[in-house]
Each structure stands twice: as C-alpha cells, then as structure tokens.
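Colleague: Dropping the sequence and predicted coords here.
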Amino acid sequence: MKKIKRLLFLSCLKATGLIEKKIQFGLSRSERIRLRIHISMCSACTNFGSQNHLIEGGLFRLNDTRKKEIDLDEFKKSIIKKLDQ
C-alpha cells in the first residue's frame, strides 16, 4: 500500500516542480495523472498553478508586445486584479 501511495501522491514541492515543468517542457502521462490527483486534493497547489499560469501568460504577452508601446502601470494593475479574483 505504501508503494502505491508513494507512486500516486506527490508532495507539494514535487507538485510545484511538475507545474513548472508542464509550462516549460510538458509532462509525461504518469506525471500528468499524479499532478491531477494532487491538485484535486490541494488548494494551495491549485492556486499556485493558476497564479503561475497567469504570470507566464503575462510575461509572454509582455514579450510579444515589446514591439509596441505598452503602459506598464495598466499592465501591472490588470495582473493584480486577476490575481485577486
């Protein structure tokens, strides 16, 4: 039973590592399943994943819009507003 528990259940440290890996490189099937199980039980990691996704998206848009002029104060306010939701 301990082996099964160890295979299926992740610590928050490992789950956050997989969340980061998912954005950068993608996950294997077993990693996706283990992460999905952990996130279904852990609200802290669910929040981390949402916030991380939001920040990565903001950085991507910022990088994409560097060719254009951008109001950084408005951009910062929109990120804070989304994080507060």
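Modeller: Noted; the coordinates are in hand.
Colleague: give me the number of residues near residue 75?
Modeller: 14 (other C-beta atoms under 10 Å). For the C-beta atoms, the positions are set from N, CA and C on the backbone; glycine is no exception.
Colleague: what do you get for residue 15?
Modeller: Neighbours around residue 15, by other C-beta under 10 Å: 22.
Colleague: same check, this time on the one 3 residues further on
Modeller: Around residue 18 there are 19 other residues, counting by other C-beta under 10 Å.
Colleague: Residue 45 now?
Modeller: Residues near residue 45, counting by other C-beta under 10 Å: 23.
Colleague: now do residue 34
Modeller: Residue 34, neighbours per other C-beta under 10 Å, totals 19.
Colleague: One more: residue 50?
Modeller: 14.
Colleague: next one: residue 62
Modeller: Residues near residue 62, counting by other C-beta under 10 Å: 13.
Colleague: That one: which element?
Modeller: Under the criterion of DSSP states H and E, residue 62 resides in helix 43-64.
Colleague: What is that helix packed up against?
Modeller: helix 12-24, helix 29-41, helix 72-84 (3 or more C-beta pairs under 8 Å, 6 or more residues apart in numbering; DSSP states H and E).
Colleague: In CSV, please show the C-alpha coordinates belonging to stretch 41-58.
Modeller: Extracted in CSV, the C-alpha atoms of stretch 41-58 (Å, rounded to 0.1, in the frame of the first residue of the first chain):
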residue,chain,number,x,y,z
MET,A,41,-6.8,17.5,-3.2
CYS,A,42,-4.6,20.5,-2.6
SER,A,43,-6.0,24.0,-2.9
ALA,A,44,-2.5,25.6,-2.3
CYS,A,45,-1.1,23.9,-5.4
THR,A,46,-4.2,24.7,-7.4
ASN,A,47,-3.7,28.4,-6.5
PHE,A,48,0.0,28.2,-7.4
GLY,A,49,-0.8,26.6,-10.7
SER,A,50,-3.4,29.3,-11.6
GLN,A,51,-1.1,32.1,-10.5
ASN,A,52,1.8,30.6,-12.3
HIS,A,53,-0.2,30.3,-15.5
LEU,A,54,-1.3,33.9,-15.2
ILE,A,55,2.2,35.2,-14.7
GLU,A,56,3.6,33.1,-17.6
GLY,A,57,0.8,34.4,-19.8
GLY,A,58,1.6,38.0,-18.8
